[in-house]
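Q: sequence first, predicted coordinates after that:
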Amino acid sequence: MSENKCLHCQRTSEQVPLLALNYKNETLWICPQHLPILIHKPTQLEELFPEAKDWDVTEHDHD
């Protein structure tokens, strides 16, 4: 079984809890410490995950 690793810090599920993300039929992982980066500044993940540059973080109306 391959180890799951955080998108940002590369720590494994043996080291920290990881949250699963599904994107384009692929499962990605992020640890709770780096979840704020995913939410607020996903472009900081571009080096490790190039498609992060396409993630829109602008506010959306929820009407």
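A: Arrived safely, thanks for sending.

Q: spit out the contact partners of Thr12.
A: 3-5, 18 (C-beta atoms under 8 Å, 6 or more residues apart in numbering). From N, CA and C alone the C-beta is placed, and that goes for glycine too.

Q: can you give me the strands for this protein?
A: 19-23, 26-30 (DSSP state E).

Q: relative to Trp55, which of these is closest?
A: When those are compared by C-beta to C-beta, strand 19-23 sits nearest Trp55, at 8.7 Å.

Q: the closest residue to Leu18 other than its chain neighbours: neighbour count?
A: In space, and not counting its chain neighbours, Leu18 is closest to Trp29: 4.4 Å by C-beta to C-beta, 6 or more residues apart in numbering. When neighbours are defined as other C-beta atoms under 10 Å, Trp29 has 19 of them.

Q: surely Trp29 and Ser13 touch.
A: Yes. Applying C-beta atoms under 8 Å, one finds Trp29 in contact with Ser13, separated by 7.4 Å.

Q: what do those two both touch?
A: Asn4.

Q: picking that back up, just the strands of the chain: most buried one?
A: Ranked by mean neighbour count, those are led by strand 26-30 with a mean of 16 (mean count of other C-beta atoms under 10 Å).

Q: by contact count, what packs against it?
A: On a contact count with 3 or more C-beta pairs under 8 Å, 6 or more residues apart in numbering; DSSP states H and E, strand 26-30 meets strand 19-23.

Q: compute the inter-axis angle for the strand it packs on and strand 26-30.
A: Interaxial angle, strand 19-23 versus strand 26-30 (axes from the mean of the first three to the mean of the last three C-alpha atoms, to 10 degrees): 140 degrees.

Q: need the helix or strand of this protein with the lowest average pLDDT.
A: For the chain, counting by mean pLDDT, DSSP states H and E, helix 35-40 ranks last in confidence among helices and strands (a mean of 89).

Q: could you measure from Pro42 over to Gln15?
A: Applying C-beta to C-beta, to the nearest Å, the value for Pro42 to Gln15 is 23 Å.

Q: more crowded one of those two?
A: Remark: of Pro42 and Gln15, Pro42 carries more neighbours, 18 against 13, as counted by other C-beta under 10 Å.

Q: surely that one and Ala52 touch.
A: Yes. Between Pro42 and Ala52 there is a contact under C-beta under 8 Å: 4.6 Å.
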